[in-house]
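Chemist: Below is the sequence, then the predicted model.
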Amino acid sequence: MTRKLANRLSLMTLGFLTICTATFAHHGTAGVYDFTHRITTKATVTEYIWANPHVQIYFSLKNDKGEAQTWGVETASPGNMLASGWTKRTFKVGDEISVSFVPAKGDRPFGICPRFVLADGQVLGSSRCALGGNGVVVSTLPVKPGYATVAVEMPKDDNKRPPSEQEQ
Amino acid sequence: MRSRFIGVSAVIVALASSAAFAQNARQGRAPAPAASNQPFDPHDLSGFWDITNIGRAPGALNETSNNRPPMTPWGLEKFHKAKTGYDGKQLSYKVYDDEKEWNDPILWCDPTGFPRIMWHPTPPGMRFAQTGDEVIQFFENNRVWRDIWTDGRKLPGDDADSRWYGYAVGHWEGDTFVVNSNNFIDSTWLDQYGSPHSDEMTVEERYRRIDHDHLEMVLNITDPKTYTGTWKGDKKIFQLVDKPARSPFNDLREDICVWSEAKSFFDRMELKGQGGLQIKK
């Protein structure tokens, strides 16, 4: 085994530890999100905020009535997202994506635990959301009413994450 | 020699990795770290240290330890005012689903304080550097540092200004570096569950480098105004890393809480409902 490979293994391990910790370190927002539904659809990126306390991605999508809506999703801090293979350049305004996420309760247009498919096919995020009590597998949740006909298929979760900056 | 080191490193990495996932899947503690055969100076604490899950018992919360002693009436009254959404199980008084009620001071960028910065918001991100008269402990969270003076000076008395991160002095007992701290500003939380403390709190940390790649720490909190006994910490194991996990520049990230960013986030996400984030003192 080379030293380079050993270093890669070290960083991957730390990355996993970071991800697990980041997930559990998130505030208990049980009251904010509806962990019994998901929205999975095509969207266009309108804004990407790479900042504390949470990296946010805003995108426009259409509901079943054809109405355009702007939604936002929060992830973790930039540091934790770096370890998961994200960078400040991961998204650009205008990027065409597919996204699956847990929406907020009521009509607030934001969500959590997103999973993305980028235009180049890269997949970011996992179907597993550690929040919502004992955690949920987002892909198994029913689609939120009003977003059924615009729902799309997402690739199967292979539990892999892109390498972090340090691993490249 | 070199290839044996690489092999041993890989074993340590594999053990640490399996420990992280085994914690939730199995009963019993994660295995002890495989010893690194590389020579080391036990009085050398320098380097970047990432906390691990090695030795962490199932159900152990991300904090000093689950064994928080009972509180005094003064402590309880303070504790009951803390409102957060984190569920610390037996350590929590109430869990508030409605984020509009939360009053965790780090939400509006008050300093995290010590020892909370060791566990939360993210486990550091911690680096030791040593000079002739002190050990400096650097943290990723808010880019703060602690001076741990080793020049023989005594801790200040009660008249000294209290500090967010207190005052610290250190000395060696054999191969164990013992740190004593006092005079902490009492408005910080000891953890994300709202555990309180007074300005009479003192903290003792004992660090011991157990092999080239691992540092063991035990942290105890004594605060008779708040707790009826010493809050004894679990043994924590840190791993020496070439590069801290979250920076591409081989350094600690600049993870500074910026009020304008926090407010912008909460306003955009409407997490605080009408009127945005309200600072509650």
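Modeler: It's in. These figures come from a predicted structure and were not determined experimentally.

Chemist: Which per-residue confidence value corresponds to residue 63?
Modeler: You didn't say which chain, so I picked chain A. Note for A:Asn63: predicted pLDDT of 97.

Chemist: Correction: the question concerned chain B.
Modeler: 93.

Chemist: was I right about A:Phe35 contacting A:Val137?
Modeler: No: at 10.7 Å, A:Phe35 and A:Val137 do not qualify as touching, with contact defined as Cβ atoms under 8 Å. C-beta: built from backbone N, CA, C; applies to glycine.

Chemist: so what's A:Glu47 closest to, chain neighbours aside?
Modeler: Using Cβ to Cβ, 6 or more residues apart in numbering or on different chains and skipping residues adjacent in sequence, the residue nearest A:Glu47 is A:Tyr58, 3.9 Å away.

Chemist: swap in A:Arg128?
Modeler: A:Val137 (5.8 Å).

Chemist: The one you found and B:Pro196, how far apart?
Modeler: Per Cβ to Cβ, to the nearest Å, A:Val137 is found 38 Å from B:Pro196.

Chemist: between these two, who's got more neighbours?
Modeler: B:Pro196 (25 against 12; other Cβ atoms under 10 Å in any protein chain shown).

Chemist: hang on, the earlier thing: overlap in contacts, A:Phe35 and A:Val137.
Modeler: Counting by Cβ atoms under 8 Å, 6 or more residues apart in numbering or on different chains, the common neighbours of A:Phe35 and A:Val137 are A:Cys129.

Chemist: Need the three-state assignment for the residue nearest to A:Glu47.
Modeler: strand (DSSP: H, G, I helix; E, B strand; the rest coil).

Chemist: what bits of the stretch 1-150 of chain B have low per-residue confidence?
Modeler: Applying pLDDT under 70 to the stretch 1-150 of chain B flags residues B:1-35, B:122, B:124.

Chemist: the helices in it, which residues?
Modeler: For the stretch 1-150 of chain B, the helices defined by DSSP state H, counting those that start in this stretch occupy B:2-25, B:73-79, B:116-119.

Chemist: which outside residues touch the second one?
Modeler: Meaning helix B:73-79. Contacts of helix B:73-79 with the rest of the structure, by Cβ under 8 Å, 6+ apart, involve B:71, B:93, B:194-196, B:198, B:223, B:225-227.

Chemist: What subset of the residues you listed is buried?
Modeler: B:71, B:93, B:194-196, B:198, B:223, B:225-227 (16 or more other Cβ atoms under 10 Å in any protein chain shown).

Chemist: What is the nearest of these to chain A?
Modeler: B:Gly194 (12.3 Å; Cβ to the nearest Cβ).

Chemist: Now do the residue of the stretch 51-200 of chain B found nearest chain A: how many residues are near it, please.
Modeler: Of all residues in the stretch 51-200 of chain B, the one sitting closest to chain A is B:Asp97 (2.9 Å; Cβ to the nearest Cβ). Number of residues near B:Asp97 (other Cβ under 10 Å) recorded here: 11.

Chemist: you'd agree B:Gly233 is up against B:Asn220?
Modeler: Yes: using Cβ under 8 Å, B:Gly233 is in contact with B:Asn220, at 5.7 Å.

Chemist: Looking at these two, which is more packed in?
Modeler: Applying other Cβ under 10 Å to B:Gly233 and B:Asn220 shows that B:Gly233 carries more neighbours, namely 21 against 16.

Chemist: quick one: contacts for the more buried one?
Modeler: B:64-65, B:218-221.

Chemist: pLDDT below threshold where in chain A?
Modeler: A:1-31, A:132-134, A:159, A:161-168.

Chemist: do that again at 90, thanks
Modeler: Chain A contains residues with pLDDT under 90 at A:1-33, A:51-54, A:74, A:76-85, A:87, A:105-108, A:126-136, A:156-168.

Chemist: Buried residues of the strand ranked longest in it, list them for me.
Modeler: For chain A, the strand with the greatest residue count under DSSP state E is strand A:39-49. Buried residues in strand A:39-49, defined by neighbour count with 16+ other Cβ under 10 Å: A:39-41, A:43, A:45-46, A:48-49.

Chemist: Then stretch B:88-102?
Modeler: B:88, B:91-93, B:95-96, B:99, B:102.

Chemist: got a list of contacts for stretch B:134-149?
Modeler: For stretch B:134-149, contacts defined as Cβ under 8 Å, 6+ apart pick out A:79, B:45, B:111-112, B:114, B:117, B:121-122, B:124-130, B:133, B:150-151, B:165-166, B:168-170, B:177, B:179, B:181, B:244, B:246, B:252-257.

Chemist: Show only the entries of those found in strands.
Modeler: Using DSSP E, the contacts of stretch B:134-149 in strands are B:125-130, B:168-170, B:177, B:179, B:181.

Chemist: now those as a markdown table including distance to B:Pro58?
Modeler: Output for those, formatted as a markdown table (distance: Cβ to Cβ, whole Å):
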| residue | distance to B:Pro58 |
| --- | --- |
| B:Gly125 | 25 |
| B:Met126 | 25 |
| B:Arg127 | 30 |
| B:Phe128 | 30 |
| B:Ala129 | 35 |
| B:Gln130 | 36 |
| B:Ala168 | 32 |
| B:Val169 | 36 |
| B:Gly170 | 33 |
| B:Phe177 | 29 |
| B:Val179 | 29 |
| B:Ser181 | 30 |
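
Chemist: Check the contacts of B:Gly233 and tell me the two furthest apart.
Modeler: Greatest spatial distance in the contacts of B:Gly233: B:Val218 and B:Ile221, 11.3 Å, computed using Cβ to Cβ.

Chemist: Which of those two has more residues huddled nearby?
Modeler: B:Ile221 (25 against 17).

Chemist: Which helix or strand contains the residue positioned nearest the centre of chain A?
Modeler: With distances taken as Cα atoms, centre = their mean, the residue of chain A nearest its centroid is A:Pro114 (2.5 Å). If you go by DSSP states H and E, A:Pro114 is part of strand A:110-117.

Chemist: what's the angle from that strand to strand A:39-49?
Modeler: With axes from the mean of the first three to the mean of the last three Cα atoms, to 10 degrees defining the directions, strand A:110-117 sits at 100 degrees from strand A:39-49.

Chemist: Good, wrapping up.
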